[in-house]
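In: Got a sequence here, can you model it:
(2 chains)
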Amino acid sequence: MNSASIGDFYAEIKSKADAKVDALKEKPVVWIGTATCGKAAGAMEVKEAFEEAIKNSGLDAEVKEVGCMGYCYAEPLVIISKPGFPDICYGYLDEGLANRLVEDFLMNDDPCFEYALVALETNDYFPTFSDFPRGVYEEKIILEHCGFIDPGDIDHYIAREGYASLAKTLRMQPEEVIREMKDSKLRGRGGAGFPTGVKWETCSMAAGEPKYVICNGDEGDPGAFMDRNILESNPHQVIEGMIICAYAVGASRGYLYIRAEYPQAILRVKQAIQQAREKGLLGDSIMGSGFNFDLEIFQGSGAFVCGEETALLSSMEGKMGIPQQRPPHPAVSGLRGKPTVLNNVKTLCYVPPIIRKGADWFKSTGTPESPGTAVFSLVGKVNCTGLVEVPMGTTLRNVIFDVGEGIPEEKGFRAVQIGGPSGGCLPESALDIPIDFDSLQEAGAIMGSGGLVVMDEDDCMVAVARYFLEFTQHESCGKCTFCRLGTRQMLDLLTKITKGEGELSHLEILRELAEDIKGGSLCNLGKTAPNPVLTTLRYFKDEYEAHINKRTCPAKMCPDLIVYYIAPEKCSKLCNVCVGSCPTEAVYTREDGLKAIDQEKCVKCNNCLKTCPPEYNAVVKLSPPELLKEKEGNLS
Amino acid sequence: MKLLEREKEIISNELQDIVDEYQSKPENLIPILQKVQDKLGYLPLPAMEKIAQALHIPAVDVFGPATFYNQFRLNPPGEHQVKVCMGTACYMAGGSIAMESFERRLNIKEGETSPDRKYSLERVACVGCCTMAPVVVVDDEVEGSVTPTRVDGIMLSFEASDGEKKQEQVEGPEKEQREELEKEEKSEPEKKEGE
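Out: As a prediction, this is how the structure comes out:
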């Protein structure tokens, strides 16, 4: 191995990439976000509109696809870079706005600030990220390049120091790489928070050939989409992390396990692997160092339990994804019985920056026990949904109210569900806890994969607990009795409670079952499945009691405990929207012209409430249903 | 649901090639099932039996994974596929209301295909468009903020587009398929196994 030749190799591909990217700076470029979220919002139509308008204008400009910046609420998004102007980002694009931007900005130098969201470079005219609360709290390590580079072109990544860490790694001894990773105290971002360096060390010392590196991209949590986003927006950072890991542990083969539900991520990664091979960054003698490593994609078939490493390995061997007893850990005996490192997409993404900038740099962010950043997908009842990367130790309040800009329609905050189906629901009082692996565990939730679902006063906590339990119950692989049958029992009890058939003794049974399932399950699916129920019981017991004692759903969400009612004093005789909106013809016009609902026919679809014009607001939900008699009694 | 002629042909002619492509290794069962489902749209029983034979493993070792993973479907997809998202954000915003509306309009339950193979209704976990909740994926197009009124609109657009198609239709595999189906007796929709 010759370290000078590795340096030359890297310098050569870097200068080529720089030349290519610099050439783009000479002319206007429209960068359009076309990750799955952008496409769903209509990015492809916007892209066509730009291309058409640019063609008609005769300008020498380019339209390029990039991934997602994480500002999902404002999709479709574009960034326009034009020589002489700062790069400016525009949101809520449609075909009309695309035409206008081409005409006014690209042709006539008017940047249309009224439609701009943010400028990317400091300038005299328009605020940048750091002028918004979101920019102040966010610190991007793994999402740094997402949305700013073309994921389909390896040169864009290389031009931003991509694969520099690999060049550095190949000139280090494997033990040095592992020491650096251990020093950095990076903890696995898949949810459990196991120290990554220790995992690598165990694998490097284990006997057996060949060794494998697997990237776990089986993101099954409903409400979490950061792995998808990273794979779609910056696949090379994951690949670089995998090659570095392979070098450190002495692996020769790697797999990216990606859900088949993410077709675009699979496509992007396939392209990326191909391009890395062509550049000599994958395959035989990487960068001329004599180190061999190659990658393949394995498409996961959609089973939540396959996020668990032993289950993932059995699914790769063509079997059902059922977890196995540990030890032996996969690092010692994994795929086909050989030593295997399994890391989450996000964990691997941290590797290149850590190697490039050093463990001390990494530890300067976050808390002493959980250094670095945390990535959340912020969804639910919050204004600015999207992907957020903040230092560990930031409070949930900052994330929800500053980065997410609070709850829409000025409604009250009820709870935040963190960590997906294995996590918990935390109330207002927990908002000031600094987020890291250990503090969340104390509060009864887990870091998990980073789903953050915000709920407001209209969300029923019992129904939410039931929803998550229904999910884990369905996804339980069936191996452990407690998980298989216990979650079923819990689900039945919760269903009874949401129907108003619950008894107070059920709460005690729920708690007992929860403890037994936690103790009697092999893998983390079972160990954490009761968390949503336990945390809601702990923080929102009054809601359970209201369902049981008063047959009332305080949030008016459980269909069996509410009725729809049209208040005659508010109803306008002249309006007919509710009658037209009803899919079952339950809403009818009475003899006196007012509207009313036939409760026998009503399916509680909420349509009449949504369509009733705001100036009347005549449709209301009543809970408990008995209130209806009272109201109707008053009337007659 | 009975197999179509076209499906029988694929099963008898092409399955062996797919298995050979993966060196007949049982380890590659999942990619094989994925490929077969790509071809047929679902995994009919005779196809799974044939795969088991070709791999020299008991049929139960094919049924197991095929029923274990959410990706594999055991009944045919409809001409129009409706997938209702039941991710957390969609559930909170009324995903179950959208599901119920489709069940009522299509007269089938979640996970079923209508007997004329025209519609199929599925639930999916998060499609990653949480900001547009509740979301329904209709024939690969994402529809956001779906209310019962929108469900009626989607159904109307199906009926309108099918009307146009009928007029344009000349001879073709689709016609053949429909004729074949018309010959079949109307059977009850099959329930997805394991649910």
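In: mind checking the SS state of the residue in the stretch 351-500 of chain A positioned nearest to chain B?
Out: Using Cβ to the nearest Cβ, the single residue of the stretch 351-500 of chain A nearest to chain B is residue A:379, 3.9 Å away. For glycine as for every other residue, the C-beta is placed from the backbone atoms N, C-alpha and C. When classified by DSSP: H, G, I helix; E, B strand; the rest coil, residue A:379 comes out as strand.
In: Would you mind measuring from residue B:99 to chain A?
Out: Distance from residue B:99 to chain A, counting by Cβ to the nearest Cβ, to the nearest Å: 11 Å.
In: That residue is in contact with residue B:110, isn't it?
Out: Yes - taking Cβ atoms under 8 Å as the definition, residue B:99 is a contact partner of residue B:110 at 6.2 Å.
In: who touches both of the two?
Out: B:84, B:121, B:123 (Cβ atoms under 8 Å, 6 or more residues apart in numbering or on different chains).
In: can you map out the helices along the stretch 501-636 of chain A?
Out: Secondary structure of the stretch 501-636 of chain A by DSSP state H, counting those that start in this stretch: the helices cover A:504-520, A:524-528, A:531-539, A:541-549, A:577-581, A:607-611, A:627-635.
In: swap in chain B?
Out: For chain B, the helices defined by DSSP state H occupy B:5-13, B:15-21, B:29-40, B:45-55, B:60-68, B:88-92, B:95-106, B:148-168, B:173-183.
In: quick one: low-confidence ranges for the chain?
Out: With no chain named, the answer covers chain A. By pLDDT under 70, the low-scoring segments of chain A are A:1-2, A:634-636.
In: oops, chain B please
Out: Residue ranges of chain B with pLDDT under 70: B:1, B:128, B:165-195.
In: can you list the domains in it?
Out: Domain assignment for chain B, taken from automatic domain parsing, gives B:5-68, B:80-183.
In: re the thing from before, adding distance to residue A:108 and mean neighbour count, write the helices of the stretch 501-636 of chain A out as TSV.
Out: As requested, the helices of the stretch 501-636 of chain A are exported to TSV (distance: least, Cβ to Cβ, whole Å; neighbours: other Cβ atoms under 10 Å in any protein chain shown):
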stretch	distance to residue A:108	mean neighbour count
helix A:504-520	65	16
helix A:524-528	57	23
helix A:531-539	55	24
helix A:541-549	58	18
helix A:577-581	45	19
helix A:607-611	43	21
helix A:627-635	62	12
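In: Bridged to residue A:374, which residues?
Out: According to DSSP bridges, the partner residues bridging residue A:374 are residue A:390.
In: That one and residue A:389 touch, don't they?
Out: Yes - using Cβ under 8 Å as the test, residue A:374 is close enough to residue A:389 to be in contact (7.3 Å).
In: Would you mind grabbing the residues shared as contacts by these two?
Out: Shared contacts of residue A:374 and residue A:389, defined by Cβ under 8 Å, 6+ apart, are absent.
In: circling back: which one of the shared contacts of residue B:99 and residue B:110 is nearest to residue A:172?
Out: Minimum distance to residue A:172 across the shared contacts of residue B:99 and residue B:110 is 49.1 Å, recorded for residue B:123 (Cβ to Cβ).
In: what residues does the stretch 1-150 of chain A put near chain B?
Out: A:36-37, A:40-41, A:72-73, A:75 (Cβ under 8 Å from any Cβ of the partner chain).
In: Can you say which of the helices of chain B is packed in most?
Out: Neighbour counts (mean count of other Cβ atoms under 10 Å in any protein chain shown) averaged over each of those peak at helix B:88-92, with a mean of 28.
In: So is that helix next to chain A?
Out: Yes - Helix B:88-92 reaches chain A (Cβ under 8 Å from any Cβ) through B:88-89, B:91-92.
In: What helices and strands are in contact with that helix?
Out: In terms of contacts (3 or more Cβ pairs under 8 Å, 6 or more residues apart in numbering or on different chains; DSSP states H and E), helix B:88-92 is packed against strand A:373-380, strand A:451-456, helix A:461-475.
In: I'd like those laid out as TSV, including mean neighbour count.
Out: Output for these, formatted as TSV (neighbours: other Cβ atoms under 10 Å in any protein chain shown):
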stretch	mean neighbour count
strand A:373-380	27
strand A:451-456	26
helix A:461-475	24
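In: And those: which comes nearest residue B:53?
Out: helix A:461-475 (30.7 Å).
In: need the contact list for the residue nearest to residue A:440 when sequence neighbours are not counted.
Out: Of all residues not flanking residue A:440 in the chain, residue A:447 sits nearest, at 5.5 Å (Cβ to Cβ, 6 or more residues apart in numbering or on different chains). By Cβ under 8 Å, 6+ apart, the contact set of residue A:447 is A:191, A:193, A:374, A:418-419, A:435-437, A:440.
In: Work out for me the element residue A:447 sits within.
Out: Under DSSP states H and E, no helix or strand contains residue A:447.
In: Quick check: residue A:141 touching residue A:365?
Out: Yes - counting by Cβ under 8 Å, residue A:141 does reach residue A:365; the two are 7.4 Å apart.
In: between the two, what contacts are shared?
Out: A:372-373.
In: Compare those two and say which is more crowded by neighbours.
Out: More crowded of residue A:141 and residue A:365, by other Cβ atoms under 10 Å in any protein chain shown: residue A:141, with 21 against 15.
In: Relative to residue A:161, how far out is that one?
Out: Using Cβ to Cβ, to the nearest Å, residue A:141 is found at 13 Å from residue A:161.
In: list the contacts for the nearest residue to residue A:430 once chain neighbours are set aside?
Out: The spatial neighbour of residue A:430 that comes closest, neighbours along the chain excluded (Cβ to Cβ, 6+ apart), is residue A:443 at 5.2 Å. Contacts for residue A:443 were tallied using Cβ under 8 Å, 6+ apart; they are A:424, A:426, A:430, A:433, A:535.
In: so which two of these are the farthest from each other?
Out: Using Cβ to Cβ, those span at most 13.0 Å, a distance reached by A:433 and A:535.
In: Output the helices of chain B in TSV; the columns should cover distance to residue A:568.
Out: Formatted as TSV, the helices of chain B follow (distance: least, Cβ to Cβ, whole Å):
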stretch	distance to residue A:568
helix B:5-13	59
helix B:15-21	66
helix B:29-40	55
helix B:45-55	58
helix B:60-68	53
helix B:88-92	31
helix B:95-106	26
helix B:148-168	24
helix B:173-183	51
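In: Out of those, the one nearest residue A:453 is which?
Out: Judging the helices of chain B by Cβ to Cβ, what sits closest to residue A:453 is helix B:88-92, at 4.9 Å.
In: who's in contact with the closest one?
Out: A:222-223, A:379-381, A:417, A:420, A:451, A:453, A:455, A:459, A:464, A:467-468, B:84, B:126, B:130-131, B:133-135.
In: Could you do stretch A:514-529 as well?
Out: So stretch A:514-529 is contacted by A:191-192, A:304-305, A:308, A:310-311, A:323, A:325, A:419, A:421-423, A:446, A:469, A:472-473, A:475-477, A:479-483, A:486-487, A:490, A:530, A:533-534 (Cβ under 8 Å, 6+ apart).
In: Please pick the buried ones from these.
Out: For the contacts of stretch A:514-529, a burial check counting by 16 or more other Cβ atoms under 10 Å in any protein chain shown picks out A:191-192, A:304-305, A:308, A:310-311, A:323, A:419, A:421-423, A:446, A:469, A:472-473, A:475-477, A:479-480, A:482-483, A:486-487, A:490, A:530, A:533-534.
In: State the pair within the residues of helix B:88-92 next to chain A that is farthest apart.
Out: B:89 and B:91 (7.3 Å).
In: Distance check, the residue nearest the centre of chain B against chain A.
Out: Geometric centre of chain B, nearest residue: residue B:77, 2.6 Å, by Cα atoms, centre = their mean. Going from residue B:77 to chain A by Cβ to the nearest Cβ gives 15 Å.
In: In chain A, spot the helix with the most residues.
Out: Per DSSP H, chain A has its longest helix at helix A:3-24.
In: Could you verify that residue A:369 is part of a helix?
Out: No - the assignment for residue A:369, made by three-state DSSP, is coil rather than a helix.
In: circling back to that earlier point, and the helices and strands packed on helix B:88-92 as a markdown table, adding distance to residue B:17?
Out: Shown next, in a markdown table, are those (distance: least, Cβ to Cβ, whole Å):
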| stretch | distance to residue B:17 |
| --- | --- |
| strand A:373-380 | 41 |
| strand A:451-456 | 42 |
| helix A:461-475 | 34 |
